[in-house]
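pasting the sequence and the predicted model now:
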Amino acid sequence: MFEKSLYDLIRGLRNHKGHEKEYIQNCLKECRSEIRSQDMDLKATALLKLIYLEMVGHDMSWASFHVLEVMSSQKYHQKRVGYLGAVQSFRPDTDVLMMATNLLKKDLAASLPTLIALPIGALPHLVTPSLALSLLGDLLPRLSHSQPAIRKKTVVTLYRLALVYPETLRAAWPKIKERLMDKEEDPSVTAAIVNVVCELGWRRPTDFLPLAPRLFELLVDGGNNWMAIKLIKLVRTPDLLFATLTPLEPRLVRKLLPPLTNLIKTTPAMSLLYECINGIIQGGILGDGEDFSAREEVASLCVSKLRGMVSGNSDPNLKYVALLAFNRIVTTHPFLVAQQEDVILECIDSEDITIRIKALDLVQGMVSSENLVSIVSRLMRQLKASSAALLQQQDALEGQDVETDSSDETGNGSRRRSRPKEQPPLPEDYTIDVMGRILRMCSQDNYSNLVDFDWYIDVLTQLVRIAPVHRAKDPDLSSSTSASTQATDISERIGNEIRNVAVKVKAVRPAAVRAAELIISRFSTETVSSRPVISGALKPLAWVVGEYAYQLLSSDDTLRNMLNLVPRIDVPEVLATAIQTVPKLFAHIAEDDQALWTSQRKSILSLLMARVIHVLEPLAQHPYLEVQERAVEFIELLKLTAEAAAGQAPSTNELQQDPPLLLTQAIPSLFTGWELNSVAPGAQWNVPIPDGLDLDKPIHPNLGSLLAQADHLMLPVQGDDEFEVYYNQKPAPTSISSGPAIERLVDGPEEIVGSYQQAGEESYLDADIIARRKAERMERNRDDPFYILGSSRSEGTSTPIHNILQKENGPDLDIDSIPIMQLDLDKLNLGNNGDQHQQRSASSKPKTRQRIVIEADETLGGSGTATPRHYESENNSDSFTKSKAKKLKQQSLLHVDSSHLMGLSLGDADGSRPDDGFAHERQQREEAEMAQAMKEVQRLRLEMQRANERIQVAQGVPVEGIVVKKKKKSASTKKAEDSGVEPASGEGTAVVKKKKKKVVKKDDEGGESTVVKPKKKKVKRVVKLDGDDDANNAGSTATAEEGS
């Protein structure tokens, strides 16, 4: 019987298409029976098939004991299969793993290199703390093996063991360091050690300071690009060599600059080139230093190489990393990066969105007043082209719904062939991100980079038109809600910018108000009446046209457009602002108290009030309280005003009637007063809270009961109350109640299309905006003699001189018939000549540009800066790239947490202490040190006791009675002091002053007496001296003089 091999299993699996599960189950059954065989070849073949099936996804943990049997085979090809099965199936909690310890020890001590390589290669996948402790002593000798491959694998395996059992590094580091310092070591082993140092160095950089000379030597003379990349990464690591060594060795920068500069100039490898540049930037070489010229030269070299990577290479990966390096170097050398503006701006139009984002991050940091217009213009061209492509795509989708299956195949084929040539629309999130960046670049630092506010208002108008449309919420798609919310937010931000310009920059306020008027008119006319208004820009724009209604070109048209938009607004916050705008516009229309109260004016205002009431009445029952409150207030106010206007007779030729005061004074006074200014964001936090204000206290203790009583309160019904009839009963419809008079108002003049100046604006601004800019420019320069009008404009235009000639000579004027007279300038008066020259020079001076004053935000004391800075660097990019720009912590290549190594300090890394060895050796050493300390304490105690005995012998007192005498002396002295009786005077008795109760004591033998001074600090200091005979003798003499 012939068993299946691994190749037969793979062929059979391919031949059973559609029935793989049944075939695999049969194979598993065969493998279960084969692996229990006593034939080791059959067992190894079955294990190999199980390994393949385990890679496919079938569990083989049940065969762990059989794997261990194959690992113990004496044949190499079978043992290799066993170790492969262990790598694939063994886990740290595998039961038979403890039985493999002796087998691993045996194979590590083998003589054949191929056999030693098997356990070394399998250990990183099998290691546990207990297994690492058991095998460390067998693995360390392999660092001195004669084969470089074994030494290289051992170094990497020891690092993996150190991640599980950190004490491994203490025992292994001296030998690893010896291998690194050996200049005759194989390059592969050195590269492996450098990799381990890179992985460990960023955890505890101080342990690797002695390796700096050797690493520098390897960087200069290594010759291995990948090892050089690793060493450069060591240099650029924020916490490694540079940050630690620079304070200790200031010459390090000068030492590293030449090799890195040489690599940048000579290496053909783009990966090494980028790492050298990145290492110089992140390592701090371009920062503060003494040699300014050398740093500037290196910076110029790096920038030139990065420019070549961006412009001269089509690889998008190189462009991306070069832009990353540009973003880092722009913080130290912005002027050098600004010189590469042309190639950076080219990356904005790249097909790769990620390259565009990085280019935008860089452009946002180098924007200035000189290049702001060019940068924004390029971005606006992108957005407009994308908007046009999106509209074409939507039209094509709508056309496909109408087309039948029998459409023209030729036309379809040509359309398919032309589609690849068309630029696809940009992603919506990218479009929103670009619009947000345009707003930040133009408004940063309180519009410090903005010169032409008229151009900025036109850009904002165009952005409102091409902003993404807010889509309806789809419950099936969770992403649609976030995308639509972002679209609404960007539209509202654009509208807020128009409002900010109108509030802060008074010089261009009329242009901002007219732009808001134009956008509202476009919303009213271009959107279908049955569809709701979904643009978030309507809220700030409605506020602008209501607050600055006196700046509008046509208040009547704006009011009509607002009345058309109010019923189609779904967002309550926007609707509340729009309701507030309607009475402001009406008050501006009706506030002219100088105009006559004619029947025509009376009818127009009456119809206008009826139209407003008709629009606001459905909102009186709105669920949003703010909308309901404003609607009810204005409805009641306008009803009273309409009643007053109806009761006021119009003016006649005989009698002049004034308009009602409600129209001309009362309603306009509601919206006049102090002008609203911009307030700083932090100003409100500094508003003091009034004393006694408790927002948690209820308005009334029984508010609930009062509201319940109000619901059941029955008011008397008045039958013939005219107010009840007027307010609650709907009047009969009339022929003019629909308001057709509003439609008969004269529209504004048509705008002229075309422009011949600033040709770049046509690529991103609509035709009506270009025509309006041209008309305003020609009106502004109409009286400028140095401004040449176009041919289309000059035709049919009458100048003052032309009018005079036509009036005096008639329409038939012959220019050739005008006589020519000689003009002698010398005969004219010099004084008059000078005055005329001054007048001509004064008239020929160009008009000075209007000074733009940008008002700061109002604030209170202590609220910080009035205008916050919105610009952020790359570390705070936009929502599109925030999630991709940062890594919270660095991980190793094996994806194993090595944070516990931070607390591990290598003993001999800095030469401060010897190698500590293992934990049990350290414990034994601590016990030996404790025993030695105890012996030292006993020795010092004996020496102090002997010194005390020598002092007593020097006093001449017998040794056997020294203790008794001292006690008697102290007792008698005590009694004498207590009784207060002075002892009898004898020979040699000395009387001492009782300043400190000193007693005169007589010697027992009648000898010379001395004064006892019990508390003498000098005696104590002498007694404490040990090991000094001279000091002891001097102390004994001093004590004898005082105590004898």
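Sure thing, it's come through. Numbers count the residues shown, from 1 in each chain.

model confidence over stretch 643-659, on average?
The average pLDDT for stretch 643-659 rounds to 85.

next one: stretch 671-686
For stretch 671-686, the mean confidence score works out to 82.

flag every buried residue along that stretch.
Applying a neighbour-count criterion of 16 or more other CB atoms under 10 Å, the buried positions in stretch 671-686 are Phe671, Ser678, Ala680, Gly682, Ala683. C-beta: built from backbone N, CA, C; applies to glycine.

same check, this time on stretch 76-90
Applying 16+ other CB under 10 Å to stretch 76-90 flags 78-90 as buried.

contacts for it next, please.
Stretch 76-90 has contacts (CB atoms under 8 Å, 6 or more residues apart in numbering) with 40-41, 44, 47-48, 50-51, 54-55, 60-61, 63-64, 67-73, 97, 100, 107, 114-115, 118-119, 121-122, 125-126.

what does stretch 548-562 give?
Contact with stretch 548-562 is made by 502, 509-510, 513-514, 517, 520-521, 523-525, 542, 545, 578, 581-582, 584-589, 608, 742, 745, 747-748, as judged by CB under 8 Å, 6+ apart.

measure it end to end?
End-to-end distance of stretch 548-562 (CA to CA, to the nearest Å): 15 Å.

and stretch 682-695, by the same measure?
Start-to-end, stretch 682-695 (CA to CA) is 22 Å.

on that earlier part again, from the contacts of stretch 76-90, list the buried ones, please.
Among the contacts of stretch 76-90, the ones that count as buried by 16+ other CB under 10 Å are 40, 44, 47-48, 50-51, 54, 60, 63-64, 67-73, 97, 100, 107, 115, 118-119, 121-122, 126.

contacts only, for the residue nearest to Arg142 when sequence neighbours are not counted.
Leaving aside its sequence neighbours, Arg142 sits nearest to Thr154 (CB to CB, 6 or more residues apart in numbering; 4.3 Å). By CB under 8 Å, 6+ apart, the contact list for Thr154 reads Ile120, Leu139, Arg142, Leu143, His145.

so which strand or helix has Thr154?
Assigned by DSSP states H and E, Thr154 belongs to helix 148-164.

and the closest residue to Ala100 other than its chain neighbours, what pLDDT?
Of all residues not flanking Ala100 in the chain, Leu68 sits nearest, at 5.9 Å (CB to CB, 6+ apart). Leu68 carries a pLDDT value of 91.

same deal with Trp543?
94.

am I right that it sits in a strand?
No - according to DSSP: H, G, I helix; E, B strand; the rest coil, Trp543 belongs to no strand; its state is helix.

ok, how many other residues are close to Trp543?
The local packing of Trp543 (other CB atoms under 10 Å) involves 23 other residues.

scratch that, Ile699
When neighbours are defined as other CB under 10 Å, Ile699 has 6 of them.

now Ile569: how far from Asp39?
Distance, Ile569 to Asp39, by CB to CB, to the nearest Å: 84 Å.

before we move on, what about Arg941?
77 Å.

kindly report the same for Ser374.
80 Å.

so where's the stretch 301-450 of the chain uncertain?
For the stretch 301-450 of the chain, applying pLDDT under 70 flags the ranges 312-313, 395-423.

rewinding a little: so which of the buried residues of stretch 671-686 is the closest to Ile852?
Set against Ile852, the nearest of those by CB to CB is Ser678 (15.5 Å).

hang on, the earlier thing: distance to Ala172, secondary structure and pLDDT for the buried residues of stretch 76-90 - can I get that in TSV?
Below are those laid out as TSV (distance: CB to CB, whole Å; DSSP: H, G, I helix; E, B strand; the rest coil; pLDDT from 0 to 100):
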residue	distance to Ala172	secondary structure	pLDDT
Gln78	31	helix	92
Lys79	26	helix	92
Arg80	27	helix	94
Val81	30	helix	93
Gly82	27	helix	94
Tyr83	23	helix	94
Leu84	27	helix	94
Gly85	28	helix	92
Ala86	23	helix	92
Val87	23	helix	92
Gln88	28	helix	91
Ser89	28	helix	90
Phe90	24	coil	90
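
what's the most distant pair in these?
Based on CB to CB, the longest span within the buried residues of stretch 76-90 runs between Gln78 and Phe90 and measures 17.2 Å.

about what we covered before: same for the helix or strand that contains the residue nearest to Ala100, what does it pack against?
Assigned by DSSP H and E, Leu68 belongs to helix 64-71. When contacts are defined as 3 or more CB pairs under 8 Å, 6 or more residues apart in numbering; DSSP states H and E, helix 64-71 packs onto helix 40-56, helix 76-89.

turn those into a markdown table, including distance to Val189.
Shown next, in a markdown table, are the helices and strands packed on helix 64-71 (distance: least, CB to CB, whole Å):
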| stretch | distance to Val189 |
| --- | --- |
| helix 40-56 | 31 |
| helix 76-89 | 23 |
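
related to what we said a few turns ago, what's the next helix or strand after the helix holding Thr154 packed up against?
Following helix 148-164 in sequence order, the next helix or strand is helix 167-181 (DSSP H and E). In terms of contacts (3+ CB pairs under 8 Å, 6+ apart), helix 167-181 is packed against helix 129-139, helix 148-164, helix 187-201.
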